[in-house]
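Trainee: Let me see the structure of the following:
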Amino acid sequence: MSDALPTELPSDLASALELALVAGASSPSGEADGVDGRRLRAERGRSAVLAAALDLVDSGNPAPTIAEIAASSGISERTIFRYFPDRDALFIALVFEVIPRIAALLSFDRPSGTLETRVRSLVAQRIEFVRVAGPLARSVETLSPHSPVAAMMLQLRRTRLRDQVVAWLGPELAADDTERITVIDALLSRPVIESLLADLDEATLRALTDSIIRIVG
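Mentor: Numbers count the residues shown, from 1 in each chain. Next up, the predicted model:
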């Protein structure tokens, strides 16, 4: 796990997330040279806590308690609170842990090709995003009414996914065409994509792609 991952709420969370997305899929070297034993144990313990929390989220528990994370990780609750001063700090670190896996799927770099080619690519990207980050996305949605941090994360995610639609489908789709953007954004949302994944086949993909192309016009 990278030392760059925050253990406390950043003063500017949006900027921190943007920097992490720009960094993309870069991963830590894993080298332990020059790291004393106490720090190395702390890093391993912190990684175990994050892995346990993510496993719980992925298994369908969108808001695991500290007690559940402690039981799953084998790390005491007291030690967990030494790593993360509160639940928000743990949640932020969990999001940053997942970002390298999804950064490429949130890129604004529009691929070349026809509108149909770009729509197909965008649909494929959104399907992969839901497969990789769907459980954590549900966690953000579940926690957002009770956590300002989760609410901020949710708004940032929605904004980025909506902006990605404009970036990939322009110039055919104007940035100020809010009605069409809203409909396309809804078609590519997590709930809709998840509902399609159970019986996803080429015909379903074609229907979704064709629907978006017709909306763009």
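Trainee: Run the chain-centre distance for the helix or strand of the chain with the lowest mean pLDDT.
Mentor: Lowest by mean pLDDT, DSSP states H and E among the helices and strands of the chain is helix 13-23, with a mean of 82. Centroid separation for helix 13-23 versus its chain: 12 Å, with Cα atoms, centre = their mean, to the nearest Å.
Trainee: in that helix, what counts as buried?
Mentor: Neighbour counts over helix 13-23 (16 or more other Cβ atoms under 10 Å) mark 13, 16-17, 20-21 as buried. Where C-beta positions appear, they are placed from N, C-alpha and C, glycine not excepted.
Trainee: helices and strands around that helix, which ones?
Mentor: Here helix 13-23 touches helix 87-102, helix 148-169, going by 3 or more Cβ pairs under 8 Å, 6 or more residues apart in numbering; DSSP states H and E.
Trainee: Quick check: phi and psi on the residue at minimal distance from the centre of the chain?
Mentor: Computing the C-alpha centroid of the chain and ranking residues by Cα atoms, centre = their mean puts Ala133 first, at 5.2 Å. Backbone geometry at Ala133, expressed as degrees, to the nearest 10, gives phi -120, psi 10.
Trainee: surely it meets Ala103?
Mentor: No. Ala133 lies out of contact with Ala103 (Cβ atoms under 8 Å); the separation is 10.7 Å.
Trainee: Now the element after the least confident helix or strand of the chain, going C-ward?
Mentor: Using DSSP states H and E, the helix or strand that follows helix 13-23 in sequence is helix 37-58.
Trainee: what sits against the residue nearest to the centre of the chain?
Mentor: 98, 101-102, 105 (Cβ atoms under 8 Å, 6 or more residues apart in numbering).
Trainee: Buried subset of those, written for ChimeraX?
Mentor: Typed into ChimeraX, the next command selects the buried ones out of the contacts of Ala133 (criterion: 16+ other Cβ under 10 Å):
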select :98,102,105
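Trainee: picking up where we left off before, show me which pair in the buried residues of helix 13-23 is furthest apart.
Mentor: Leu13 and Leu21 (12.5 Å; Cβ to Cβ).
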